[in-house]
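Asks: Compute the structure for the input listed below.
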Amino acid sequence: MEVNVTERLTEKAIGELVDQFYVKVRADAELGPVFDRAISDWGPHLATMRNFWSSVMLTSGRYKGNPVIAHARQKRIVPAHFERWLALFRETCGEIFSPEAAAAIVMRAENIGKSLQLALFYRPSRTFPLPS
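Replies: Numbers count the residues shown, from 1 in each chain. Alright, predicted model coming up:
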């Protein structure tokens, strides 16, 4: 699905997305406590997330981390957290971007979420439901 998202997809808009999204995450009854335990200083985390989404959507190359390792360190993450994360992310994208741009960003987020879930939770010996 190739969508022209340049009408509003800028570094500034990505920063707005990250900032508004993580306000919701921090206030969320399910995700807030998970993130509060994992992140002691939100400034660097938000900067990392801006770099991540800039790299994903604008191919800026600013993100230099490893999402699998970062998430694997967090032993309290469960698959249901990804569903809630995506719900809040979809909502926030819809508030900021056009429907076409939001769909493109959400599609990337869904694919990244599936990959992370497979890396974190899939074990051939488990009978664990895979992400749909």
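
Asks: Give me the mean pLDDT for the lengthiest helix in the chain.
Replies: Longest helix in the chain, counting residues (DSSP state H): helix 99-121. Across helix 99-121, pLDDT averages out at 89.

Asks: and it, how far from the chain's centre?
Replies: 7 Å (C-alpha atoms, centre = their mean, to the nearest Å).

Asks: Quick one: list the elements packing against that helix.
Replies: Applying 3 or more C-beta pairs under 8 Å, 6 or more residues apart in numbering; DSSP states H and E, one finds that helix 99-121 contacts helix 42-58, helix 67-72, helix 79-96. Using the backbone N, CA and C atoms, a C-beta is placed for each residue, glycine as well.

Asks: which ones are touching the residue positioned nearest the centre of the chain?
Replies: Residue closest to the average C-alpha location in the chain (C-alpha atoms, centre = their mean): A109, at 5.7 Å. By C-beta atoms under 8 Å, 6 or more residues apart in numbering, the residues touching A109 are 86, 89-90, 93.

Asks: With R90 instead?
Replies: Counted by C-beta under 8 Å, 6+ apart, R90 has contacts 102, 106, 109.

Asks: Kindly indicate which of those residues lies nearest K64.
Replies: Of all the contacts of R90, K64 sits closest to A109, with 19.7 Å by C-beta to C-beta.
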